[in-house]
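*Asks:* 3D, please:
(chains A and B)
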Amino acid sequence: MANKNKIIMNKEEMNKAIKRLADEIVKENSGVEDIAIIGIQTRGVPIGKRIITEILKSEPAKGLKEIPFGILDITLYRDDMDSMASVPVVKDTVIPFDINGKVVVIVDDVIFTGRSVRAAIDELIDFGRPKRIELAVLIDRGHRELPIEPNFVGKKIPTKREEIVAVEVDEVDGKDNVILRQKEK
Amino acid sequence: MPLKSKDLLGLEYLDKKEIELILDTARPFKDLFTRSIKKVPTLRGKTVVNLFYEPSTRTRTSFEIAAKRLSADLVNIAVSTSSVVKGESLIDTGKTFEAMKADFIVIRHSLAGAPAVLARNLNASIINAGDGFHEHPSQGLLDLFTIREKKKRIAGLKILLVGDILHSRVAKSNIWGLTKLGAEVRVVGPPTLIPYKIEELGVKVYYDIEKALEGVDVINILRIQLERQQESLFPSVHEYIELFQMNKERLKFAKPDALIMHPGPMNRGIEISSDVADSANAVINEQVTNGIAVRMAVLYLLSAKKR
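*Replies:* The predicted structure is shown next:
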């Protein structure tokens, strides 16, 4: 059977969802003071940057020029290295600010089992002691294997375990789309 | 693309893509050194055995730090103080460590090919930390990494290895790695210390250091092993200094921004003058730092599930 792809979010819907994530982050934190955004490699990075652009447009951020932004590569903190046939490519982690005392919002494209987020929290804690760590994701597709829940969700999509949710972003893939893909049987 | 072998025996056995993968992986590992916590949990539960049949401080310590920064457990075996001196064979020694669930054995041995023998007989990953006059691949890789980091490329560079090419495993690994990555490799030294038919490896041989230095981008100065002097391979240390020592005067024949490298430990005043060793172009201490990043990358890439 051929792959069946279904677009579950287009460019416009993605933009709306990212704007809503930004609004909720500002609202829940009663402002932008102490907030820092950290995107998980790869697609959490552009989504995190877009969230910052939206936050800076908000009323509480008036006059603010930037919000601290970092990049997290969780490869070296994964818990499944033993089961892999080949090790994944290690990318950059760049956190150019002091995370101590900050409200750090981790951003990822999809939350699935929760293991990536666990690894991200472990790595972040090696950099210092944030006041609070929050999690924002564009898509929550369920099937958690760890007790981890995002604070901010763009869209909840019920999926089957074997399905694939692929988030495409302009900065990496040349287009904005969220696709639900059926695995070939 | 993963590494093809479970072992790292020499740069001769890696293709260009595999070498580039190791160098690319080492770069983010080097970034770890700027953090306050320089340790990641990647190899938690894995065991590394440092099995050194020859004395070594820098390579052994470098592998030790690399393993510890990846959260592996590490055992150092100095053979001179172990039961190996009671006559146990190399394979039996390796099998003993494998029975203790060692995942990696880092071996230095005075005989070329000793790591390959272990690799054929064990499931653990074997890493050659120097075997006889054969290869010292992790040193070769850290040299490549340092050159690429400083010069932004390797292809097209002119790189000169100076001194005892015959007995230097560092030189062999450099030659394999650098030629595969497209550099022009030159060697210079006393004729008795240049291996027969070395040109067949794609290097240019010089006996006149001033000619050899013309237009070079990198000078890798090898240690003169004073113990070899008893074999009368060159007339005297004084003559070696006269003809081949890298000093400020000679440096003028190379490019003004030529990198000065040395695998250490240095004999100051013999193969290298102090002012060259301490000059702005010298990257000798950075080679040491980069060695840890490269060895972390090797351990990481070899840690994939055994195929």
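
*Asks:* over to B:Arg60. Which of the three states is it?
*Replies:* helix (DSSP: H, G, I helix; E, B strand; the rest coil).

*Asks:* tell me the contacts of it?
*Replies:* With contact set as C-beta atoms under 8 Å, 6 or more residues apart in numbering or on different chains, B:Arg60 has these partners: B:50, B:52, B:76, B:108, B:129. Placement of C-beta: from N, CA and C, glycine included.

*Asks:* using PyMOL, define a selection of the buried residues within those residues.
*Replies:* Burial among these is assessed by 16 or more other C-beta atoms under 10 Å in any protein chain shown; the matching PyMOL selection reads:
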select buried, chain B and resi 50+52+108+129
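
*Asks:* could you say what helices and strands the top helix by length along chain B packs with?
*Replies:* Across chain B, the longest stretch assigned as helix under DSSP state H is helix B:284-302. The contact analysis (3 or more C-beta pairs under 8 Å, 6 or more residues apart in numbering or on different chains; DSSP states H and E) places helix B:284-302 against helix B:16-32, helix B:58-69, strand B:125-131, helix B:137-151, strand B:259-261.

*Asks:* export those to TSV and tack on mean pLDDT?
*Replies:* Putting those into TSV (pLDDT from 0 to 100) gives the following:
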stretch	mean pLDDT
helix B:16-32	97
helix B:58-69	98
strand B:125-131	98
helix B:137-151	98
strand B:259-261	98
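
*Asks:* of those, which stretch is the most buried?
*Replies:* strand B:125-131 (a mean of 27; mean count of other C-beta atoms under 10 Å in any protein chain shown).

*Asks:* name the residues that touch that one?
*Replies:* Contacts of strand B:125-131 (C-beta under 8 Å, 6+ apart): B:6-10, B:50, B:52, B:54, B:56, B:59-60, B:63, B:94, B:103-116, B:118-119, B:134-139, B:169, B:298-299, B:302-303.

*Asks:* how about stretch A:74-89?
*Replies:* A:40-41, A:90-91, A:115-116, A:118-120, A:122-123, B:1-2, B:24-25, B:40-43, B:300-301, B:303-305, B:307.

*Asks:* next: stretch B:78-86.
*Replies:* Residues from elsewhere that reach stretch B:78-86 (C-beta under 8 Å, 6+ apart): B:51-53, B:55, B:77, B:93.

*Asks:* just the closest of these to chain A, please.
*Replies:* Comparing these against chain A with C-beta to the nearest C-beta places B:Leu51 closest, at 23.7 Å.

*Asks:* tell me the SS of that closest one?
*Replies:* Classification of B:Leu51 by three-state DSSP places it in strand.

*Asks:* the longest helix of chain B versus helix B:58-69: what angle between them?
*Replies:* 50 degrees (axes from the mean of the first three to the mean of the last three C-alpha atoms, to 10 degrees).

*Asks:* for residue 172, give me phi and psi.
*Replies:* As the question left the chain open, I've gone with chain A. Torsion angles at A:Val172 (phi, psi; degrees, to the nearest 10) stand at phi -110, psi -40.

*Asks:* what sits against it?
*Replies:* A:42-43, A:46.

*Asks:* how about 10 Å then?
*Replies:* Counting by C-beta atoms under 10 Å, 6 or more residues apart in numbering or on different chains, A:Val172 touches A:42-43, A:45-46, A:109.

*Asks:* then B:Arg268?
*Replies:* So B:Arg268 contacts B:274-278 (C-beta under 10 Å, 6+ apart).

*Asks:* quick one: low-confidence ranges for the chain?
*Replies:* Since no chain was named, I'll use chain A. Chain A contains residues with pLDDT under 70 at A:1-3, A:185.

*Asks:* switch to chain B, please.
*Replies:* In chain B (pLDDT under 70), the answer is B:1, B:83, B:85, B:230, B:305-307.

*Asks:* for chain A, give me its nearest residue in it.
*Replies:* For chain B, C-beta to the nearest C-beta, closest residue to chain A: B:Pro2, 3.4 Å.

*Asks:* roughly how far apart are that residue and B:Leu9?
*Replies:* 16 Å (C-beta to C-beta, to the nearest Å).

*Asks:* which of these two has more neighbours?
*Replies:* Taking other C-beta atoms under 10 Å in any protein chain shown, B:Pro2 and B:Leu9 do not tie; B:Leu9 has more neighbours (20 against 15).

*Asks:* quick one, what contacts that one?
*Replies:* B:Leu9 neighbours (C-beta under 10 Å, 6+ apart): B:113, B:115-116, B:118-119, B:126-128, B:131, B:134-135, B:137.

*Asks:* quick check, the residue in chain A closest to chain B?
*Replies:* In chain A, the residue found nearest to chain B is A:Ser86; the distance is 3.4 Å by C-beta to the nearest C-beta.

*Asks:* flag every residue of chain A that's near chain B.
*Replies:* Residues of chain A lying close to chain B by C-beta under 10 Å from any C-beta of the partner chain are A:73, A:75-79, A:81-95, A:119, A:122-123, A:125-128.

*Asks:* same thing but at 6 Å, please
*Replies:* A:76, A:84-87, A:90, A:92, A:126 (C-beta under 6 Å from any C-beta of the partner chain).

*Asks:* give me the buried subset of those.
*Replies:* The buried subset of those (16+ other C-beta under 10 Å) comprises A:76, A:87, A:90, A:126.

*Asks:* what about these, which are in strands?
*Replies:* Among those, no member is found in strands (DSSP state E).

*Asks:* determine which two of those residues are furthest apart.
*Replies:* Spatial extent of these (C-beta to C-beta) is set by the pair A:Val87 and A:Asp126 at 19.9 Å.

*Asks:* let's check: the centremost residue of chain A is which one?
*Replies:* A:Asp108 (1.2 Å; C-alpha atoms, centre = their mean).

*Asks:* how would you label it: helix, strand or coil?
*Replies:* strand.

*Asks:* now the one 10 residues further on
*Replies:* When the structure is reduced to helix, strand and coil (three-state DSSP), A:Arg118 reads as helix.

*Asks:* do I have it right that it meets A:Leu146?
*Replies:* Yes: between A:Arg118 and A:Leu146 there is a contact under C-beta atoms under 6 Å: 5.5 Å.

*Asks:* count residues in the vicinity of residue 34, would you?
*Replies:* Looking at chain A here, since you left the chain open. So A:Asp34, with other C-beta under 10 Å, has 14 neighbours.

*Asks:* let me rephrase: I mean chain B.
*Replies:* Look at B:Thr34: counted by other C-beta under 10 Å, it has 7 neighbours.
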